[in-house]
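Student: starting from these lines, generate the structure:
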Amino acid sequence: MAYLFPLAAVMLWSGNNVVNKLVAGVLHPAEIGFYRWLLAGALLTPVMLRPLWRQRHAIRPWLWHNVVLGILGMVAYQTLAYYAGISTSATNMGIILSLMPLLALLLSALLLGQPLTAGAVTGALISLAGVIVVVSSGDPAALLRQGVNLGDLLMLLATLSYAVYGVLLKRWRPDLPALTLLYLQVLVGIVVLLPLMLLSPRQGLSGEALPLIAYAGIAASIAAPWLWMNGITRLDPSRVSLFFNLVPLFTAAIAAVVLREQLTWAHLFGGLLTLAGVMLAELWRRLSPARSPDS
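Tutor: Sure, this is the predicted structure:
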């Protein structure tokens with residue numbers, strides 16, 4: 001039963017990749033980003049005001065750390081993903097996003113001094129090959145002729161932003177409850193995205209936009225993190241992290257039903273390569289401490 005928590009979280013996050021695509025043409029990326037966090041903040045504020053006041057002395061030393069984390073995780077990652085949805089498919093976004101754990105592993109070696117295993121390097125090369133197959137639609141030579149699709153490039157930057165977010169969160173380890181961290185970063189998202197929204201073109205709220213904002217602000221921003229945190233408390237965190245590898249599969253399935261996106265051999269083969277690289281690096285990392293120094 002405990003496995004249902006991370007499984008449900010991953011399904012909601014996968015659905016959000018489809019929302020990233022659906023919102024293109026309905027709301028400007030800065031609009032959906034602002035309204036999403038505004039809704040999440042409005043719903044969390046009545047619950048969080050009292051705990052926030054009690055924790056104010058513990059929060060103060062971590063305030064600027066949370067500003068940086070909020071800009072990376074709530075502003076840069078999601079805004080870039082909304083821009084990506086304008087010119088790439090939800091399926092592509094899900095496959096590219098699956099690179100995130102591997103990018104975090106590589107960044108940990110650079111920023112945290114963690115040893116980089118042969119499995120991580122091999123996994124990175126395999127996953128890179130998979131992403132090249134996907135973004136080139138099965139014709140890698142096309143990348144040399146035409147370059148990378150702008151939407152795919154923006155999604156790569158979004159994934160990198162979230163990987164940096166995860167590494168910094170691990171490095172700083174703020175001594176605060178997870179829900180407090182989430183709420184503080186939501187507030188950062190609201191404050192930073194407000195001027196961006198005011199300065200950007202706006203399409204305005206509509207009946208078509210409201211359910212997309214509701215999904216992004218409630219399901220993806222509150223329900224999914226809550227389910228994920230509950231999964232971590234009930235299961236080993238390393239086991240929970242494996243569920244993230246289901247994001248491209250769930251995204252492709254939801255996109256096929258909702259958006260009628262067609263799965264090509266390039267999606268299937270490239271997606272499998274990307275997942276294989278991530279899994280190889282992850283399993284190698286977990287098995288390596290157990291090996292003897294002589295091995």
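Student: quick one, helices of the stretch 151-295 of the chain?
Tutor: All helices of the stretch 151-295 of the chain, identified by DSSP state H, counting those that start in this stretch, fall at 178-199, 209-214, 224-234, 237-241, 247-258, 265-287.
Student: what about the first one, distance to the chain center?
Tutor: By that I understand helix 178-199. Centroid displacement of helix 178-199 relative to its chain, using CA atoms, centre = their mean, to the nearest Å, is 16 Å.
Student: the third one too?
Tutor: The offset between the C-alpha centroid of helix 224-234 and the centroid of the whole chain comes to 15 Å, using CA atoms, centre = their mean.
Student: which elements pack onto it?
Tutor: Judged by 3 or more CB pairs under 8 Å, 6 or more residues apart in numbering; DSSP states H and E, the packing partners of helix 224-234 are helix 4-22, helix 178-199, helix 237-241. To be clear about C-beta, it is placed using only N, CA and C from the backbone, and glycine gets the same treatment.
Student: of all these, which one is nearest residue 258?
Tutor: Closest to residue 258 of those is helix 4-22 (CB to CB; 5.4 Å).
Student: other residues contacting that closest one?
Tutor: 81-82, 84-85, 89-90, 93-94, 97, 212, 215-216, 219-220, 223-225, 227-228, 230-232, 234-235, 240, 243-244, 246-247, 250-251, 254-255, 258-259 (CB atoms under 8 Å, 6 or more residues apart in numbering).
Student: got the angle between the helix or strand following that helix and helix 178-199?
Tutor: Next in sequence after helix 4-22, counting helices and strands by DSSP states H and E, comes helix 29-54. Using axes from the mean of the first three to the mean of the last three CA atoms, to 10 degrees, the inter-axis angle of helix 29-54 relative to helix 178-199 is 140 degrees.
Student: just the element for residue 77, please.
Tutor: Using DSSP H and E, residue 77 falls in helix 77-84.
Student: with just CA atoms, put that helix into PDB.
Tutor: What follows is helix 77-84, C-alpha atoms only, in PDB (Å, rounded to 0.1, in the frame of the first residue of the first chain):
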ATOM      1  CA  TYR A  77      12.300  24.900 -14.100                       C
ATOM      2  CA  GLN A  78       8.600  25.300 -14.500                       C
ATOM      3  CA  THR A  79       8.700  28.500 -16.600                       C
ATOM      4  CA  LEU A  80      11.200  26.900 -19.000                       C
ATOM      5  CA  ALA A  81       9.000  23.900 -19.200                       C
ATOM      6  CA  TYR A  82       6.000  26.000 -20.100                       C
ATOM      7  CA  TYR A  83       8.000  27.700 -22.900                       C
ATOM      8  CA  ALA A  84       9.100  24.300 -24.000                       C
END
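Student: which elements pack onto that helix?
Tutor: The contact analysis (3+ CB pairs under 8 Å, 6+ apart) places helix 77-84 against helix 4-22, helix 29-54, helix 150-172, helix 178-199.
Student: any idea of the mean pLDDT for it?
Tutor: Mean pLDDT, taken over the full extent of helix 77-84, equals 92.
Student: quick one: the next helix or strand after it to chain centroid distance?
Tutor: Downstream of helix 77-84, the next assigned helix or strand under DSSP H and E is helix 90-97. Centroid separation between helix 90-97 and its chain, computed with CA atoms, centre = their mean, is 10 Å.
Student: what comes into contact with helix 90-97?
Tutor: Residues from elsewhere that reach helix 90-97 (CB under 8 Å, 6+ apart): 14, 17-18, 20-21, 81, 84-85, 130-131, 134-135, 151-152, 155-156, 158-159, 247-252, 254-256, 259, 261, 263, 267, 270-271, 274.
Student: try 7 Å this time
Tutor: Helix 90-97 is touched from outside by 14, 17-18, 20-21, 81, 84-85, 131, 134-135, 152, 155-156, 159, 247-248, 251-252, 255, 259, 261, 263, 267, 270-271, 274, with contacts defined as CB atoms under 7 Å, 6 or more residues apart in numbering.
Student: got a quick ChimeraX command for the buried subset of these?
Tutor: To isolate the buried subset of the contacts of helix 90-97 in ChimeraX, counting by 16 or more other CB atoms under 10 Å, use the following:
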select :14,17,18,20,21,81,84,85,131,134,135,152,155,156,159,247,248,251,252,255,261,267,270,271,274
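Student: re the thing from before, okay, the helices of the stretch 151-295 of the chain in CSV with distance to residue 5 and mean pLDDT next?
Tutor: What follows is these, written out as CSV (distance: least, CB to CB, whole Å; pLDDT from 0 to 100):
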stretch, distance to residue 5, mean pLDDT
helix 178-199, 13, 93
helix 209-214, 22, 95
helix 224-234, 4, 82
helix 237-241, 8, 63
helix 247-258, 15, 87
helix 265-287, 20, 76
